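Undergrad: the following block contains a protein sequence and its predicted model.
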Amino acid sequence: EDKVVQSPLSLVVHEGDTVTLNCSYEVTNFRSLLWYKQEKKAPTFLFMLTSSGIEKKSGRLSSILDKKELFSILNITATQTGDSAIYLCAVDSFSGNTGKLIFGQGTTLQVKP
Amino acid sequence: GAVVSQHPSRVICKSGTSVKIECRSLDFQATTMFWYRQFPKQSLMLMATSNEGSKATYEQGVEKDKFLINHASLTLSTLTVTSAHPEDSSFYICSARPQGAPITDTQYFGPGTRLTVL
């Protein structure tokens, strides 16, 4: 059975700290791995990773994929209170002529002032 | 950028009634839309894949007669929760993948609909 596992499930840090969120997966027909940030509504897209070892970066956020070891990490440096959210990892799995997203449980990040 | 809307954003209904949720791609056409459900403090669970002009594909454990999906056009998919019960109370989110987009292209999410069944 396909699964995506995130850790930790929750995390409390102070502003300025650096955090690393983990995502491991066992998914057949892997196409890509995606990271999303969810606040009060639907998830907003952060990164899509398809190749191993290539870091994607956006401001203080970065992510990398290891397709051999089947995991990805999301790093947030110099955290701010606005980074408080649920971070979701999802794997896009090819099925027939469409793909579907399999989500992990999410990591709830709380950044304290 | 690609925008997906959902209507209504919030709905409260009585047990036993049916509720329809609309998902629209506003500036692109989508042959495939997806419906997810998210319970409090849990992740998104795919319910079904909606294909324009054909029957939806439901995930294991999702009752197709209870959650009716209609993908009537390339910009609209609807989810109808029939005979709703309090345990159906959840956050329902749709997403859409642009027609003709590369297979590795991302899905675009709607803002979600919060359903409360009394």
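TA: Arrived safely.
Undergrad: spell out which parts of chain A neighbour chain B.
TA: Counting by CB under 8 Å from any CB of the partner chain, chain A comes close to chain B at A:31-32, A:34, A:41-45, A:48, A:50, A:88, A:90, A:92, A:94, A:98-106, A:108. Using the backbone N, CA and C atoms, a C-beta is placed for each residue, glycine as well.
Undergrad: show me these that map onto strands.
TA: A:31-32, A:34, A:44-45, A:48, A:88, A:90, A:92, A:94, A:98-103, A:108 (DSSP state E).
Undergrad: pull out the buried members of the residues you listed.
TA: Among those, those that count as buried by neighbour count (16 or more other CB atoms under 10 Å in any protein chain shown) are A:31-32, A:34, A:48, A:88, A:90, A:92, A:94, A:99-103, A:108.
Undergrad: which of these sit farthest apart?
TA: Farthest pair in these (CB to CB) is A:F94 and A:T108. Separation: 29.6 Å.
Undergrad: strands of chain B, start to end?
TA: Going by DSSP E, chain B shows strands at B:4-7, B:10-13, B:19-25, B:32-38, B:44-51, B:57-58, B:67-73, B:76-81, B:90-97, B:108-109, B:113-117.
Undergrad: okay, those in a markdown table with mean neighbour count and mean pLDDT next?
TA: Below are the strands of chain B laid out as a markdown table (neighbours: other CB atoms under 10 Å in any protein chain shown; pLDDT from 0 to 100):
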| stretch | mean neighbour count | mean pLDDT |
| --- | --- | --- |
| strand B:4-7 | 18 | 95 |
| strand B:10-13 | 14 | 96 |
| strand B:19-25 | 20 | 96 |
| strand B:32-38 | 25 | 93 |
| strand B:44-51 | 22 | 91 |
| strand B:57-58 | 18 | 92 |
| strand B:67-73 | 17 | 91 |
| strand B:76-81 | 21 | 96 |
| strand B:90-97 | 24 | 93 |
| strand B:108-109 | 24 | 90 |
| strand B:113-117 | 19 | 96 |
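Undergrad: can you add distance to chain A and give the ones you listed back as a markdown table?
TA: Below are the strands of chain B laid out as a markdown table (distance: least, CB to the nearest CB, whole Å):
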| stretch | distance to chain A |
| --- | --- |
| strand B:4-7 | 8 |
| strand B:10-13 | 11 |
| strand B:19-25 | 11 |
| strand B:32-38 | 5 |
| strand B:44-51 | 5 |
| strand B:57-58 | 8 |
| strand B:67-73 | 12 |
| strand B:76-81 | 14 |
| strand B:90-97 | 5 |
| strand B:108-109 | 4 |
| strand B:113-117 | 9 |
